[in-house]
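In: okay, sequence plus prediction incoming.
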Amino acid sequence: MKAVIPAAGFGTRFLPATKAQPKEMLPVYDKPTIQYVIEEAVASGIDDILIVTGRNKRSIEDHFDKSFELEQTLQSAGKDDRLKQVREITDLADICYVRQKEQKGLGDAIYCAKKHIGGEAFAVLLGDSITKGPTPCTKQLIDVYEKYGASAISLEEVPKEKVERYGIIKGREVEKDIYKIEKLVEKPLSHQAPSNLAIMGRYVLTPDIFDKIDETEPGVGGEIQLTDALQKLDSIYGVTFEGKTYDIGNRLEWLKTSIEFAMDDDDSKDDLIEYMREIIIENE
Ligand code: G1P
């Protein structure tokens with residue numbers, strides 16, 4: 001299976017940090033966000049990845065490209081661990097790029113992948129969100145796609161006051177944590193939301209989605225919404241996957257994620273706890 005990572009948005013929620021650098025390159029603890037996303041795809045068995053980029057996104061290509069000068073410098077300095085790390089990034093997967101010429105929405109960004117994908121089912125991983133769980137989120141969706149032979153998307157319950165930020169679904173639970181979706185609404189007003197189950201940025205889609213996107217008129221924000229195209233599919237399932245999604249496009253969530261990931265690192269954990277204790281006391 002191939003994967004598509006849309007990474008063409010302006011990152012307006014995170015200005016000025018994203019004025020000249022893509023939000024997908026913002027580091028979360030010690031790695032750029034998009035590296036976690038690619039590692040999730042690879043851990044799900046995918047090694048052919050298409051990133052949909054836009055203007056100002058060249059640093060994404062540089063990050064996954066070979067850096068002869070850097071490698072040479074690390075080698076001469078005998079910094080073998082660092083050299084290994086840098087080489088691993090380049091060897092992660094086969095990565096191709098296509099540019100979305102105009103920012104016409106997530107649906108349009110996915111449509112840019114049509115030629116590369118061909119007639120097979122494919123995964124979509126939004127480049128500004130990271131997931132963590134016992135099994136990679138995309139792998140959980142691939143399993144549901146294989147079981148039901150239909151598109152599958154990740155879901156998470158969100159508080160009612162946050163439904164306006166997401167695509168929200170209405171569905172019938174067919175087995176534990178798996179919903180047959182009846183309706184999808186992009187960014188509904190909270191009193192019009194059909195539930196509090198939100199689309200969380202991971203999808204496994206059947207290739208007929210391209211025709212459906214083609215038939216989709218601009219929706220919320222005047223953009224071609226992927227959610228509106230998903231509504232046109234004959235059959236689609238939602239999975240409240242085991243794990244958690246981190247939204248990096250939002251500054252507070254980004255900061256919390258960095259702290260959480262630093263706590264997973266034994267080299268940083270104790271110092272960080274000590275530092276946070278001091279800050280809490282200072283601010284009490
Ligand atoms: C996109 C999707 C939305 C989904 C969200 C998850 O919105 O359109 O359905 O819930 O990602 O992060 P965006 O955040 O790009 O506005």
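Out: Looks like it came in fine.

In: what helix or strand is the closest residue to Q192 other than its chain neighbours on?
Out: Spatial nearest neighbour of Q192, excluding adjacent residues (CB to CB, 6 or more residues apart in numbering): V185 at 7.4 Å. Where you see a C-beta, it was placed from the backbone N, CA and C, and this is true even at glycine. Per DSSP states H and E: V185 is located in strand 178-186.

In: for that strand, which helices and strands make contact with it?
Out: Of the remaining helices and strands, those touching strand 178-186 by 3 or more CB pairs under 8 Å, 6 or more residues apart in numbering; DSSP states H and E are strand 167-175, helix 226-231, strand 236-240.

In: which residues does the nearest residue to R172 once chain neighbours are set aside contact?
Out: Closest residue to R172 apart from its sequence neighbours, by CB to CB, 6+ apart: K180 at 5.2 Å. Residues near K180 by CB atoms under 8 Å, 6 or more residues apart in numbering: G171, R172, V174, S235, I236, Y237.

In: these two touch, right, the fifth one and A152?
Out: Going back to what we said before, that points to I236. Yes. In this structure, I236 is within contact of A152 by CB atoms under 8 Å, at 7.3 Å.

In: when those two are compared, which one has more neighbours?
Out: Using other CB atoms under 10 Å, the more surrounded residue of I236 and A152 is A152, with 30 against 24.

In: which SS class is the more buried one?
Out: strand (DSSP: H, G, I helix; E, B strand; the rest coil).

In: follow-up on the earlier one: what about the residue nearest to Q192, how many neighbours?
Out: V185 has 23 nearby residues by other CB under 10 Å.

In: partners of it in the sheet?
Out: I168 (DSSP bridges).

In: thought it was touching A198?
Out: No. Applying CB under 8 Å, one finds V185 not in contact with A198, separated by 10.6 Å.

In: shared neighbours, those two?
Out: The contact sets of V185 and A198 overlap at G167, I168, I169 (CB under 8 Å, 6+ apart).

In: restrict those to those that also contact the ligand, please.
Out: Counting by CB under 6 Å from any ligand atom, G167 from the shared contacts of V185 and A198 sit close to the ligand.

In: list the buried residues of the helix-or-strand element of the chain with minimal mean pLDDT.
Out: Lowest mean confidence among the helices and strands of the chain (mean pLDDT, DSSP states H and E): helix 80-91, at a mean of 88. By neighbour count on 16 or more other CB atoms under 10 Å, the buried set for helix 80-91 is L83, I89.

In: mind listing residues that contact the helix or strand following that helix?
Out: Per DSSP H and E, the first helix or strand lying C-terminal to helix 80-91 is strand 94-99. Outside strand 94-99, the residues that touch it by CB under 8 Å, 6+ apart are 8, 38, 47-54, 60-61, 64, 112-113, 116.

In: which of these sits closest to N250?
Out: For the contacts of strand 94-99, the closest approach to N250 (CB to CB) belongs to A8, at 18.1 Å.

In: give me phi/psi at the residue nearest to the closest one when sequence neighbours are not counted?
Out: In space, and not counting its chain neighbours, A8 is closest to G54: 3.7 Å by CB to CB, 6+ apart. Main-chain torsions, G54, degrees, to the nearest 10: phi -140, psi -160.

In: my guess is G54 contacts D108. True?
Out: No. Look at G54 against D108 with CB under 8 Å: they stay out of range, at 11.2 Å.

In: can you pull the contacts of the single nearest residue of the chain relative to the ligand?
Out: Using CB to the nearest ligand atom, the single residue of the chain nearest to the ligand is G167, 2.5 Å away. Residues near G167 by CB under 8 Å, 6+ apart: L184, V185, E186, K187, A198, I199, Q225, L226, T227, L230.
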